[in-house]
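Novice: fold the stuff below for me.
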Amino acid sequence: MLKGRRAAKKPAFTELYPALQITNGCNKQCKGCLRSANSLSYHMSDEQFRKYIEDLQRLGESALLKYQFVTGGEPTIWKSGDMDIVDALTALFDLNAIETIAMPSNGKVFEDINYTREFFKRLSSGINQKPVVGISISEYQGNLSESGYIAMDNLLTVSREPGMQLTPVILVTMSVDDNIDERLKKIYPCVPQRVVALAPLGDAEGLEPLCPSLSLVGNDKSTLGSYLPYYKKEVISKLGISENDFDAFPNSTIIDLFSLYIRGGDSPFVDDKWHYCLPYKDDPKFDLCDVGEMRAGTISDYLEEIDILNCIRAEGILSAVDEHKEELTAETRDKLEYILHTPEMKVSVAYRGCMVCKKMYDYGIIKELVDGNSSSKR
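Specialist: Numbering: from 1, shown residues only. Okay, here's the model as predicted:
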């Protein structure tokens, strides 16, 4: 079975997976947007972006820049000063320090083949490594016809042309009752898919009943719906368990162990600040520093100061909170018990353990532990 559940208290910080939200502006208004498409637009300035490049240069001296995610909103519409998104991607590649650079898109700008060709012709002339370019295709976006999606068709066409640097992938966000993945496999059998669960974030908060979720009570996994085989495959692969184990294990055990594979801490969320991670973005206590101020020891020092976050990364979200629950007020402890022991209470499985962590944060559990222990060490 599973052994060595408790890891070391201070995981080594050796890899970085930053998610740069270069804008939250968008050229579409999808009701299931994870980034609140109808919110006031934020654009990173060209000056801030150049400071971000400086941050990465400093960090690259002591950490492996494993994966750079350039996201939005819709990143392809970003412009500031004398820079646009092609300039930004080129600058990231010019560092020669990032293993993989990826950019998701809703595909709208790539529905024009001439624009698509000029975009990647210009980008390819300045780089010598292929970026991963994902086109988001989902039911809530309504952008798939029986013959496919023109933006993906255009990316595939351009990717086959001499000298073009890009690797197209399909980004599929699945609800509990969905077959868009199977439809896409028939239309694009050779294009890799990255399938994730619809998450109750941003404008998708109102779609929570459609989000693949699990109760922390029992081992019934049918509530994952169409997303079940993807979740099962990844859990089995990451945890090294059998299909029978997956079916039999309590949901809480799987969520706890699987949460060790989130990139929390190693995957800071970046806009005009570096944040610990996305679920806590709006709480200033979880700000690491402003863009342009990140130093090699910032994240590791920060995690060492806040015991609960360090424990989450080392032991799993549920084990860590259980270990600290005596530090909660009686009222907050009751909220924790409600989450853990009420069969009707379900938590999204999106992003492995992040949405469980967010649920606890929303109930005041994580926040209370951080507020009470941010200056102490165990």
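
Novice: and the strands in the stretch 201-350 of the chain?
Specialist: Shown for the stretch 201-350 of the chain, the strands assigned by DSSP state E, counting those that start in this stretch span residues 213-215, 269-270, 273-275, 287-290, 346-348.

Novice: and of these, who's closest to Ile135?
Specialist: Among the strands of the stretch 201-350 of the chain, strand 269-270 comes nearest to Ile135, with 22.3 Å by Cβ to Cβ. Glycine gets a C-beta too; all of them are placed from N, C-alpha and C.

Novice: in its sheet, what does that closest one sit against?
Specialist: If you go by DSSP bridges, strand 269-270 pairs up with strand 19-21 (parallel), strand 273-275 (antiparallel).

Novice: to Lys185, which of those lies closest?
Specialist: Proximity to Lys185, assessed across the strands paired with strand 269-270 by Cβ to Cβ, is greatest for strand 19-21 (27.2 Å).

Novice: can you give me the neighbour number for Glu61?
Specialist: Residues near Glu61, counting by other Cβ atoms under 10 Å, number 8.

Novice: okay, now the unreliable bits of the protein?
Specialist: Where the chain drops to pLDDT under 70, the residues are 1-13, 35-40, 373-378.

Novice: now do 80
Specialist: 1-14, 31-41, 202-203, 263-265, 372-378 (pLDDT under 80).

Novice: got the strands paired with strand 269-270 as a markdown table, with distance to Asn251 and mean neighbour count columns?
Specialist: Supplementary listing: the strands paired with strand 269-270 in a markdown table, determined by distance: least, Cβ to Cβ, whole Å; neighbours: other Cβ atoms under 10 Å:
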| stretch | distance to Asn251 | mean neighbour count |
| --- | --- | --- |
| strand 19-21 | 27 | 21 |
| strand 273-275 | 28 | 21 |
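
Novice: so for Ile180, which of those strands sits nearest?
Specialist: Nearest to Ile180, of the strands paired with strand 269-270 and by Cβ to Cβ, is strand 19-21 at 24.1 Å.

Novice: touching the closest one from outside, list them.
Specialist: Strand 19-21 is contacted from outside by 35, 42, 44, 52, 68-73, 267-271, 278, using Cβ atoms under 8 Å, 6 or more residues apart in numbering.

Novice: next SSE after it?
Specialist: helix 46-59 (DSSP states H and E).

Novice: what pairs with whatever helix or strand comes next after that next one, and is each one parallel or antiparallel?
Specialist: Following helix 46-59 in sequence order, the next helix or strand is strand 64-71 (DSSP H and E). The strands beside strand 64-71 in its sheet (DSSP bridges) come out as strand 15-16 (parallel), strand 19-21 (parallel), strand 98-105 (parallel).

Novice: got the angle for strand 64-71 vs helix 46-59?
Specialist: With axes from the mean of the first three to the mean of the last three Cα atoms, to 10 degrees defining the directions, strand 64-71 sits at 160 degrees from helix 46-59.

Novice: name the nearest residue to Lys185, ignoring sequence neighbours.
Specialist: Gln193 (7.3 Å; Cβ to Cβ, 6 or more residues apart in numbering).

Novice: likewise Leu95?
Specialist: What sits nearest to Leu95 in space, not counting adjacent residues and going by Cβ to Cβ, 6+ apart, is Leu56, at 6.0 Å.
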